[in-house]
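K.L.:
Please find the sequence and the predicted model below.
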Amino acid sequence: RELGDALAALRARLERLAGDAAGEPAMIPAPRALALLAERLGLSTFEQQTLLLAAATELDTRVAGLCAAAQRDPGRPFPTWALALVLLDEPTWDALAPGQPLRRWRLVDAPAGGGPLTLAPLRADERVVHFLKGLNQLDPRLDAALAPFESSFGDTEDDLGERQHGAFLAIRARWQQEEGPPLILLTGPGAEAR
């Protein structure tokens, strides 16, 4: 009975975080952010709920205690895959696989540390937690890989070779159509060509 009560309390807290409880507004902007992640990354219902569970300890300080109670262990104040499989709707074992969205896109991390994967602490990536809170900023881990495009080239074929000019025009047109800068991979035999 205690376990059932603990699981019910944790489920109610998650529903409140997601704004699913009858008539209660979401405590965070999670419903839209979660729906957007689900749509763009192909998350199942179980994967969405698991992601919210993994982020929940960062979103609500009461969730850690509920996780410990649900796992009958005060030393485990964190969600795990095992807890997700018992607690959430439509549980599927394949969601734990490295090739599935939660781990492929590194939305969650569960360091094995020598023990079973199912019992490792399940954590949402910091960037994802911020996104769920409504803070949509570029991941700082990308700073070293991304830089604003500042071209010393002109707009004419006199300044660029014919192929580079065509690529430049295509990139510029795409950039102007997008809401933000598009991701572009430039290939070629050397830095000069790119």
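P.N.:
Nice, I can see it.
K.L.:
alpha carbons only for contacts and neighbour counts from here, please
P.N.:
OK.
K.L.:
Give me the neighbour count for Gly4.
P.N.:
For Gly4, the number of neighbouring residues by other CA atoms under 10 Å comes to 11.
K.L.:
no no, Gly134
P.N.:
Quick note: Gly134 (other CA under 10 Å) scores 14 neighbours.
K.L.:
Name the helix or strand for it, please.
P.N.:
Gly134 belongs to no helix or strand when assigned by DSSP states H and E.
K.L.:
Confirm Leu51 sits in a strand?
P.N.:
No - counting by DSSP: H, G, I helix; E, B strand; the rest coil, Leu51 is not part of a strand but helix.
K.L.:
Report the contact partners of the nearest residue to Asp89 once chain neighbours are set aside.
P.N.:
Distances taken as CA to CA, 6 or more residues apart in numbering put Phe46 closest to Asp89, at 5.9 Å, once the chain neighbours are dropped. The contact partners of Phe46, taken as CA atoms under 8 Å, 6 or more residues apart in numbering, are Leu88, Asp89, Glu90, Pro91, Thr92.
K.L.:
State the distance from Phe46 to Leu142.
P.N.:
Applying CA to CA, to the nearest Å, the value for Phe46 to Leu142 is 29 Å.
K.L.:
out of the contacts of Phe46, who's nearest Thr57?
P.N.:
Leu88 (16.0 Å; CA to CA).
K.L.:
list the buried ones in stretch 38-46?
P.N.:
For stretch 38-46, the neighbour count (16 or more other CA atoms under 10 Å) marks Ala38, Leu43, Ser44, Phe46 as buried.
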